[in-house]
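Chemist: fold the following, please.
(one chain, ligands or ions: 1)
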Amino acid sequence: MSYYVTTPIYYVNGEAHIGHAYTTFIADMLARYKRLCGEEVYFLTGTDEHGQKIEESARKFGKPTQQFADEISALFRNLWDEFGISYDQFIRTTDKNHMAGVQKAFETMYAKGDIYKGNYEGHYCVSCETFFPETQLIDGEFCPDCGRSTSIVKEESYFFKLSAYEQKLLEYYDAHPDFILPKSRRNEVINFVKGGLNDLSVTRTSFSWGVPLPESLGDNKHVMYVWLDALLNYITALGYGRDEEKMRYWPAQMQLVGKDILRFHAIYWPAFLMSLGRPLPKHIGAHGWWTRDGEKMSKSKGNVVSPKEVADAYGLENLRYFMMREVPFGQDGDFSQRAFIDRINSDLSNDLGNLLNRIIGMSGKYSDFVIDSKDVLNYHASEMAEVEAVLDGVERYLDEVQTHRFLEELWKLFTIGNKAIEAHAPWVKMKEGKTDEALAVVALVANILAKASVLLHPFMPKTTATIADALGFNIDTKAYTDLVKNGTLLPTFTIKKIPPLFPRIEAPLMEQAPDAQPNEPEAAKPAPEKQKASQPSEKEQDNLITIDQFFKTELKIGTIVEAEEVPKSKKLLKLQVDVGEASPRQVVAGIKEFYSADSLVGTQVCVVANLKPAKLMGMLSEGMLLAAKDDEGLCLMRPESPRKAGSSVG
Ligand code: MSP
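Modeler: Down below sits the predicted model:
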């Protein structure tokens, strides 16, 4: 059986961060696991290099676009190589073969009547490579996803008949309940499709850094929309439309994505494949987002966690373990050094590392490091039955990418081992002259460690190889079959004395995240309306926060002491708001359509008081007003009765 696993291809507009590393670690772990099981694995990763965003980034750096893409793509590839990521192919969307494959796919869809020519006009966010309807823009201008300024783009465009696939997609989700993993994400996709799909604009004329249309169309004004180009990488990598020998790996068993790009993969991608008459991937696995110390990572805040920095400080395999153990697949996770250190000290050092040290120590004392499994079943049949039960049940978690559950279950083996040592106290048995019994406990634990190492191998390849070496075997498919599947015990061997694998860590090894820097503009922002767009835009995020995160927001009652219109702005008013400090704060708010400046003076409002100051139309804004918005307009949130300026809200 073959197993094709993919990561998203990463944009070449910045270096890899731990979010990218996380997907790549999971894909690498699955690839290694399936190889261990004896399956024929193909693991694809790579970089996404076309589109206006990349073109603009290159311009900012004053570099030719291709050179810029080459450099950043190499950074990704070098990092994965340094991390020992076991990919079989690293694809780049600027590869000639890929581009030819995309053109071939376009031609096929066009010939089928699934692509037609029309016109598109809309507000375009370059950063998100997406059109947004006016109703969704903030202050009529800013992108509801990233907050950056949008521009109006009107262009002739080719459209993909996505609407024609609505029904077929719904039928597919229905017939394949585990197509989207975790299953909890399935409904949001289904509801989106049920809400109606508009045809998708799949070409652009406003820039040229993209795959040209196939020559057969005789239309060289257009380049392909970056998402059409990018999604097709998963089959062009296998030689789609060229030499299709590797297409035997298709359909992919597992396509890993972040939740923000699930919709592209669970709606647009399957529709493209249906149009091409190709089978759909077996699973799309969507993971959550990583934050740092509870905050969203962003370049402007300067708090992006560099995977290289963390791996250098704490060890690559510790990082792999932490990320895959800490967070249930699909949920958001927080990177904090405290949580990381706790995992290393408790799971790796205390549970796993100590167990190994203990049997090295005991076998050294009792049997000159020789370990023999001959009496394990005589004295420890019940413990071995428990071990077998864990081994029987644990692997299914990997089929659903439940990495944290898998590791949690696997760790039960170490509990069995530790309990056996406590219960049978080999040192007492030795004193009582029951040498066989004492050595049987040591051998039981050695076997537990051996079996656990095999299954832990995909997560921590080097560390487990070291453990296996100490226990006198190699981790490979044979070891997997014997030790995990067939219940075989280790032959007699001499354990190697190795230094502790997981020294305890007492204090953080990296500097804390720098304080956030001034960021995107903020003003009274009506909440963006729910997205319902024809464009694949929605880099989705869960909106659940913890109470601690909520209390990070300082809300205060403020009294507006001055208010004036901002000339030339349809939306903005400039306010001076007393929030109980030495002098009033200046807040620039997008409420002019709903309130006159005069009517506000002397009234009270609710102010977000600890926002980083930002500039709006060149004016400093030192806070944000809370407001509610519906079809009837916007209304400010105010105290029911007057409060002292500066009173806290919450
Ligand atoms: N190029 C597109 C993907 C095209 S796939 C045909 C893209 N690139 S990206 O570089 O912006 O993001 C790549 C992946 O990184 C996405 O799956 C995204 O979810 C993930 N992450 C980006 N930031 C992240 C976190 N903070 N945490 C976890 N993953 C995050 O989108």
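
Chemist: what's the burial count for R148?
Modeler: By the criterion of other C-beta atoms under 10 Å, R148 has 14 neighbours. From N, CA and C alone the C-beta is placed, and that goes for glycine too.

Chemist: so it sits right up against S127, yeah?
Modeler: Yes: counting by C-beta atoms under 8 Å, S127 is a contact partner of R148 at 5.1 Å.

Chemist: tell me the domain ranges of the protein?
Modeler: 335-494, 547-649 (automatic domain parsing).

Chemist: pick the most buried one from those.
Modeler: domain 335-494 (a mean of 18; mean count of other C-beta atoms under 10 Å).

Chemist: gap between that domain and the chain center?
Modeler: Averaged C-alpha coordinates place domain 335-494 at 31 Å from its chain's average position (C-alpha atoms, centre = their mean, to the nearest Å).

Chemist: does that domain come close to the ligand?
Modeler: No: taking C-beta under 6 Å from any ligand atom as the criterion, domain 335-494 and the ligand are apart, separated by no less than 9.0 Å.

Chemist: the stretch 151-300 of the chain: strands as residue ranges?
Modeler: Taking DSSP state E, counting those that start in this stretch as the test, the strands found in the stretch 151-300 of the chain are 151-160, 180-181, 200-201, 203-204, 223-224, 254-258, 283-287, 290-292, 295-296.

Chemist: in a markdown table: the ones you listed, plus distance to the ligand.
Modeler: Below are those laid out as a markdown table (distance: least, C-beta to the nearest ligand atom, whole Å):
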| stretch | distance to the ligand |
| --- | --- |
| strand 151-160 | 15 |
| strand 180-181 | 14 |
| strand 200-201 | 15 |
| strand 203-204 | 16 |
| strand 223-224 | 13 |
| strand 254-258 | 2 |
| strand 283-287 | 7 |
| strand 290-292 | 4 |
| strand 295-296 | 7 |
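
Chemist: format the ones you listed as a markdown table; extra columns: mean pLDDT.
Modeler: As requested, the strands of the stretch 151-300 of the chain are arranged in a markdown table below (pLDDT from 0 to 100):
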| stretch | mean pLDDT |
| --- | --- |
| strand 151-160 | 90 |
| strand 180-181 | 97 |
| strand 200-201 | 94 |
| strand 203-204 | 93 |
| strand 223-224 | 96 |
| strand 254-258 | 98 |
| strand 283-287 | 98 |
| strand 290-292 | 94 |
| strand 295-296 | 87 |
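
Chemist: okay if I get those as JSON lines plus mean neighbour count?
Modeler: JSON lines is the format used below for those (neighbours: other C-beta atoms under 10 Å):
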{"stretch": "strand 151-160", "mean neighbour count": "18"}
{"stretch": "strand 180-181", "mean neighbour count": "22"}
{"stretch": "strand 200-201", "mean neighbour count": "23"}
{"stretch": "strand 203-204", "mean neighbour count": "26"}
{"stretch": "strand 223-224", "mean neighbour count": "24"}
{"stretch": "strand 254-258", "mean neighbour count": "23"}
{"stretch": "strand 283-287", "mean neighbour count": "25"}
{"stretch": "strand 290-292", "mean neighbour count": "20"}
{"stretch": "strand 295-296", "mean neighbour count": "14"}
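
Chemist: quick one: which of these is nearest K96?
Modeler: K96 sits nearest to strand 223-224 of all those, at 14.8 Å, using C-beta to C-beta.

Chemist: report the distance from the helix or strand hosting F90 to the chain centre.
Modeler: Counting by DSSP states H and E, the element that carries F90 is strand 89-92. Its chain's average C-alpha position is 19 Å from that of strand 89-92, according to C-alpha atoms, centre = their mean.

Chemist: what residues does that strand touch?
Modeler: With contact meaning C-beta atoms under 8 Å, 6 or more residues apart in numbering, strand 89-92 is reached by 9, 42-47, 49, 69, 73, 77, 80, 98, 233, 236-237.

Chemist: please enumerate residues in contact with the helix or strand Y321 falls within?
Modeler: Using DSSP H and E, Y321 maps to helix 316-326. Helix 316-326 is contacted by residues 18, 21-22, 25-26, 29, 83-84, 290, 307, 310-311, 333, 339-340, 343-344, 347-348, 403-404, 407-408, 459-463, 502 when judged by C-beta under 8 Å, 6+ apart.

Chemist: and those residues, which of them are in helices?
Modeler: Of the contacts of helix 316-326, the ones assigned to helices by DSSP state H are 18, 21-22, 25-26, 29, 307, 310-311, 339-340, 343, 403-404, 407-408, 461-463.

Chemist: which one of the domains of the chain has the lowest average pLDDT?
Modeler: Lowest mean pLDDT within those: domain 547-649, a mean of 87.

Chemist: excluding covalently adjacent residues, which one is nearest to M224?
Modeler: Excluding its sequence neighbours, the residue lying closest to M224 (C-beta to C-beta, 6 or more residues apart in numbering) is V211, at 4.5 Å.

Chemist: so that neighbour touches V226, yeah?
Modeler: No: assessed by C-beta under 8 Å, V211 is found out of contact with V226, at 9.0 Å.

Chemist: shared neighbours, the two?
Modeler: The overlap between the contact sets of V211 and V226 (C-beta under 8 Å, 6+ apart) consists of H50.

Chemist: elements contacting the strand or helix carrying K615?
Modeler: Assigned by DSSP H and E, K615 falls within strand 614-616. The elements that strand 614-616 packs onto, with contact taken as 3 or more C-beta pairs under 8 Å, 6 or more residues apart in numbering; DSSP states H and E, are strand 619-621.
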